[in-house]
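Novice: what's the 3D shape of this:
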Amino acid sequence: MKKLSVIIEKNLQVKKVLALLILTSLIYLIMLGVTIPLVSTYAEELKLLDMMPMGYDFDDVNALFSALGPKGRNAYLYNQLPVDMIYPALFGMSFCLLLAYLLKKLNRYNGKLFYLCLLPLFAGFADYMENVGIIVLLTNYPNLTSGLVPITAFFSLLKSGVTTLYFLILIGTFILLGIKTLKK
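Specialist: Take a look at the predicted model:
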């Protein structure tokens, strides 16, 4: 863990953190503004699996994939998911560095709070596992097995839970930094 801490600390320059955050945001905006709406046009008002933070079950997956039809499933597989294979790494790196940078400003980087910086990396890993599960589900449809759906849904829930926890911690860190700045 010490090596990882050193690697992260070496990358805590404002320009580097901002560049990664901007790139991450651009990829996210592409997904929100282009690829997700494209796939959603086929979904008959059903949410995509990536957009179901409370999870889903076998019937939800069947209903969505049936509504999408071949063109929608193709758009999901070849438009949305390739972009979503870039996003988790960018999210993990940029938000890991952002929290590390803020903790460094608070003189709290060295210690147990460092481990909080790893939350975006775990969320990114869960997002990759979710994406792999969705790819396998899409490529095997309509021959879905009931075992893969709960595993994929678990990673969707894990991604959502860890991301929510991270952003609550990030907001708290910004508040603490604001208080520290106002006290000066």
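Novice: in this structure, which helix or strand is least confident?
Specialist: Lowest on mean pLDDT, DSSP states H and E among the helices and strands of the chain sits helix 2-10, with a mean of 87.
Novice: which strands and helices sit next to whatever helix or strand comes next after it?
Specialist: Remark: after helix 2-10, the chain's next helix or strand is helix 14-30, criterion DSSP states H and E. Helix 14-30 sits against helix 87-105, with contacts defined as 3 or more C-beta pairs under 8 Å, 6 or more residues apart in numbering; DSSP states H and E. Backbone N, C-alpha and C define where each C-beta goes, glycine included.
Novice: and the following helix or strand past the helix it packs on, what does it pack against?
Specialist: Counting by DSSP H and E, the element after helix 87-105 in chain order, helix or strand, is helix 119-140. Helix 119-140 makes packing contacts with helix 58-75, helix 81-84, helix 87-105, helix 148-183 when contacts are defined by 3+ C-beta pairs under 8 Å, 6+ apart.
Novice: about what we covered before: helices or strands up against the least confident helix or strand of the chain?
Specialist: helix 87-105.
Novice: what packs against the helix it packs on?
Specialist: So helix 87-105, by 3+ C-beta pairs under 8 Å, 6+ apart, packs with helix 2-10, helix 14-30, helix 119-140, helix 148-183.
Novice: may I see the helices and strands packed on helix 119-140 organised as a markdown table, with mean pLDDT added?
Specialist: Formatted as a markdown table, the helices and strands packed on helix 119-140 follow (pLDDT from 0 to 100):
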| stretch | mean pLDDT |
| --- | --- |
| helix 58-75 | 97 |
| helix 81-84 | 98 |
| helix 87-105 | 97 |
| helix 148-183 | 96 |
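Novice: closest to residue 43 out of those?
Specialist: Closest approach to residue 43 among the helices and strands packed on helix 119-140 (C-beta to C-beta): helix 58-75, 5.5 Å.
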